[in-house]
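In: Build me a model:
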Amino acid sequence: MTIPHTLFRVVLMLLGVCSMVTTNAQWGNRLDAVQEIQRGDNLLRQGNSEQALLAYTNAIQKDNSFADAYMKRATLYSRLGQNMAAIADMDLALELNPYSEYIYDRRAKVKILANDLKGAEADINKAVELKPYDDLLRESRVDTWLVLGEVDMAIQEIDTLLKNSPDDLMLLMKKSVALLQKNQQVLALEVLDRAAQGSPRSALVQDLRGLALMRSERWSEALVAFDAAIGIDSTFDLAWFNRGLVNRK
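Out: This next block holds a predicted model:
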């Protein structure tokens, strides 16, 4: 049976109204969820983690298709040391947003805390695959490789990143740590001396220099390096501890 033209228009209008009602309802749910997230953020700033967690849970209940709500709760779970609960929320967020390099990167970090090192490596590799020219993601992959003991891969990635940022202090320090893991103290010292030239007021660089000198059994020079670190930052407890080790020696 052919639908009369007038009736056909009425049907289209009704379908359009139903679609608008559904869309408006979904939009209202999302706004409610955003308000709960903002409330949770404010509670967290006030130090009320328990109520913030409830607010983020309410946000999920308001809109269970909102990946950001799961990520907010996951981040708080991780801060509270509940890493498996955090990973479960991140899994749900990835189901909703499977092409988010940010979620993969965050889950990789939490998996390291949960001692799932291979899972962390798979996640950070996926993040880099999704956004291969993001230097911050590639640096996160360096951190993961260093934790895994994949030192050669970490150094190779660092060297690639240093081509674009040859004086990047953090990259230079990470390379020195990698070299120390390989017991290549002389090369580590060369890298740290380069870092110290660019950042002479970095207490951490001086502390790492002291560690490299300790590994080389150059005790007097190590003491000078730790003295320099403490002189820059007198609250740097690790430098005090390391200087105590040298004095004991």
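
In: Which residues are in contact with Leu113?
Out: By C-beta atoms under 8 Å, 6 or more residues apart in numbering, the contact set of Leu113 is Ser78, Asn83. Glycine gets a C-beta too; all of them are placed from N, C-alpha and C.

In: got the buried residues for the helix or strand hosting Asp152?
Out: Per DSSP states H and E, Asp152 falls inside helix 151-164. Buried residues in helix 151-164, counting neighbours by 16 or more other C-beta atoms under 10 Å, are found at Val151, Met153, Ala154, Ile155, Glu157, Ile158, Leu161.

In: What sits closest to the third one if chain neighbours are left out?
Out: Read that as Ala154. In this structure, Ala154 finds its nearest non-sequential neighbour in Trp145, 4.0 Å apart by C-beta to C-beta, 6 or more residues apart in numbering.

In: Next, count neighbours for the one you found.
Out: Trp145 has 21 neighbours, counted by other C-beta atoms under 10 Å.

In: swap in the one 4 residues further on?
Out: Around Gly149 sit 11 other residues, with neighbours defined as other C-beta under 10 Å.

In: pretty sure it is touching Lys182, no?
Out: No. In this structure, Gly149 is not within contact of Lys182 by C-beta atoms under 8 Å, at 10.3 Å.

In: The one residue sitting closest to the centre of the chain and Ile112, how far apart?
Out: For the chain, the residue sitting closest to the mean C-alpha position, by C-alpha atoms, centre = their mean, is Arg106 at 5.1 Å. Look at Arg106 and Ile112: by C-beta to C-beta, to the nearest Å, they are 11 Å apart.

In: List the contacts of the helix or strand containing Ala88.
Out: Counting by DSSP H and E, the element that carries Ala88 is helix 83-96. Contact partners of helix 83-96, identified using C-beta under 8 Å, 6+ apart, comprise 65-68, 70-71, 73-75, 77-78, 100, 103-104, 106-107, 110-111, 113-114, 116.

In: and if we set it to 7 Å?
Out: 65, 67, 70-71, 73-74, 77-78, 100, 103, 106-107, 110-111, 113-114 (C-beta atoms under 7 Å, 6 or more residues apart in numbering).

In: I'd like the distance from that helix to the chain centre, please.
Out: Put simply, helix 83-96 sits 15 Å off its chain's centre (C-alpha atoms, centre = their mean, to the nearest Å).

In: I'd like the average pLDDT over that helix.
Out: Averaged across helix 83-96, the pLDDT comes to 97.

In: In this protein, where is pLDDT below threshold?
Out: The chain contains residues with pLDDT under 70 at 1-28.

In: Walking through it, point out its helices one by one.
Out: Per DSSP state H, the chain carries helices over the ranges 5-45, 49-62, 67-79, 83-96, 101-113, 117-130, 135-148, 151-164, 169-181, 185-198, 203-215, 219-232, 237-248.

In: Show me which residues of the shortest one are buried.
Out: Translated: helix 237-248. So, applying 16+ other C-beta under 10 Å, buried residues of helix 237-248: Ala239, Asn242, Arg243, Val246.
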